[in-house]
Every structure is written in structure tokens, then in C-alpha cells.
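S.K.: This is the structure alone, sequence omitted:
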């Protein structure tokens, strides 16, 4: 029994993180589009930021719950070897994004925040996606490209870059993942 357990655990660690939630990604995209519409109506940056930070929390909950459901359906643990590697690839970029958001806000450089968020999220998805299904790193690269565009565009476009990334890219890639790799 110990040998079988060792073999199973070794195979899990060597495999890909397949619990990437396509339908969950689409749900994250829908809530991001709603956040973008709400944020676009704000004239106060603090309210705009609060809407997007709330959206980030909502998206995190959706992603964790959806990944958990998909993993349970496949009789695997979310934080199995590949799942843990995916999380460890994504987490540093998210944490750095939080620190940079605070720093940019207090430095009066709020216009840079949307591009930084998109690029860091994309970088995290690229890093975590190395342990996932092949389409995930492609999604990460698209986020990085979109974030780069946001950094060199007028500040007024930042909200719409976030809508295109966190809304549009999650909807598109979520649909692809749902069709090709299951819900």
C-alpha cells in the first residue's frame, strides 16, 4: 500500500494542474465586466479603486470555489503537487501587485495601476500555467500584452483595459478551457 501511495503521489506531482475552472473563469469575466461598468461611473479614484479591489476578492473566491469543485469532480485535491505549484507561481505576482498598488496610490501614480495589475496577473498566470493545461500560459501572455498596452495609453483608458483583460480575456479563455478541458 505504501508503494502504491508513493507511485500515486509521484504521478500527481509530475502531472498538470487540470482543475483550472473554465466556467469559473467565465464567471470571473462577467463580474469583471460589471465592475468595469460600475467603476467607469466613478469620479473619485478611491471609489473606483474600492470597486476593483472588491472585484479582485470576488474573483478570488469564484476561482477557488470553481477549482475546488472541478478538482473534487476529478477526485483530486486542489493543492496536489501541480495545484500547489500553480498557486505558488501565481501568488507572488498577486502579492507584489498589492504592494505596488499601495505604493503607486500613495505616490500619486494611480494611472499606472491598471497596467501593473494586468501585467502582474499575466506574469503570475504564466508562471503558474507552466504547471497547467497549455492554454493557460497563452492567457497569461495576453494579459501581459494588454497590461503593456495600458501602460502606454491615456490614463482614461485604464478602466477599459481592465474590462478587456479581467472581463474579456477571462470570458474567452474560460470558454476555451470549459470546452477543451471541462467545466
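M.R.: Yep, it's here. Note that the coordinates shown come from a computational prediction; the quantities given were computed from them, not determined experimentally.
S.K.: burial of the nearest residue to residue 149 once chain neighbours are set aside, as a residue count?
M.R.: The spatial neighbour of residue 149 that comes closest, neighbours along the chain excluded (C-beta to C-beta, 6 or more residues apart in numbering), is residue 161 at 6.7 Å. Just so you know, the C-beta spots here come from the backbone N, C-alpha and C atoms, and that holds for glycine as well. Using other C-beta atoms under 10 Å, residue 161 has 21 neighbouring residues.
S.K.: ditto for residue 98
M.R.: A count of neighbours around residue 98, defined by other C-beta under 10 Å, yields 14.
S.K.: pretty sure it is in a helix, no?
M.R.: Yes - assessed by DSSP: H, G, I helix; E, B strand; the rest coil, residue 98 belongs to a helix.
S.K.: Check the gap between it and residue 92 for me.
M.R.: Look at residue 98 and residue 92: by C-beta to C-beta, to the nearest Å, they are 11 Å apart.
S.K.: now residue 141
M.R.: Between residue 141 and residue 92 the distance is 18 Å, computed by C-beta to C-beta.
S.K.: and residue 107, how many residues sit next to it?
M.R.: Neighbour count of residue 107, defined by other C-beta under 10 Å: 10.
S.K.: May I see the buried residues of stretch 165-177?
M.R.: 165-171, 173-174, 176-177 (16 or more other C-beta atoms under 10 Å).
S.K.: per-residue confidence for the residue nearest to residue 149?
M.R.: Confidence at residue 161, expressed as pLDDT, is 98.
S.K.: Distance-wise, check it relative to residue 63.
M.R.: Using C-beta to C-beta, which is the criterion applied here, residue 161 is 20 Å from residue 63.
S.K.: residue contacts, residue 93?
M.R.: When contacts are counted by C-beta atoms under 8 Å, 6 or more residues apart in numbering, residue 93 touches 120-121, 123-124, 127.
S.K.: Only the buried members of these: can you turn that into a ChimeraX selection?
M.R.: With 16+ other C-beta under 10 Å as the burial test, the buried ones among the contacts of residue 93 are selected in ChimeraX as follows:
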select :120,121,123,124,127
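S.K.: So, low pLDDT: which residues of this structure?
M.R.: When residues are selected by pLDDT under 70, those of the chain lie in 1-19, 74-75, 77-82, 183.
S.K.: Go ahead and confirm residue 137 touches residue 124.
M.R.: No - under the criterion of C-beta atoms under 8 Å, residue 137 lies out of contact with residue 124, with a separation of 11.0 Å.
S.K.: Which strand or helix spans the most centrally placed residue in the chain?
M.R.: If you average the C-alpha coordinates of the chain and look for the closest C-alpha using C-alpha atoms, centre = their mean, you land on residue 121, 5.8 Å from that point. Using DSSP states H and E, residue 121 sits within helix 113-129.
S.K.: And for residue 121, nearest residue in space, chain neighbours not counted?
M.R.: By the measure of C-beta to C-beta, 6+ apart, the closest residue to residue 121 outside its immediate chain neighbours is residue 143, 5.4 Å from it.
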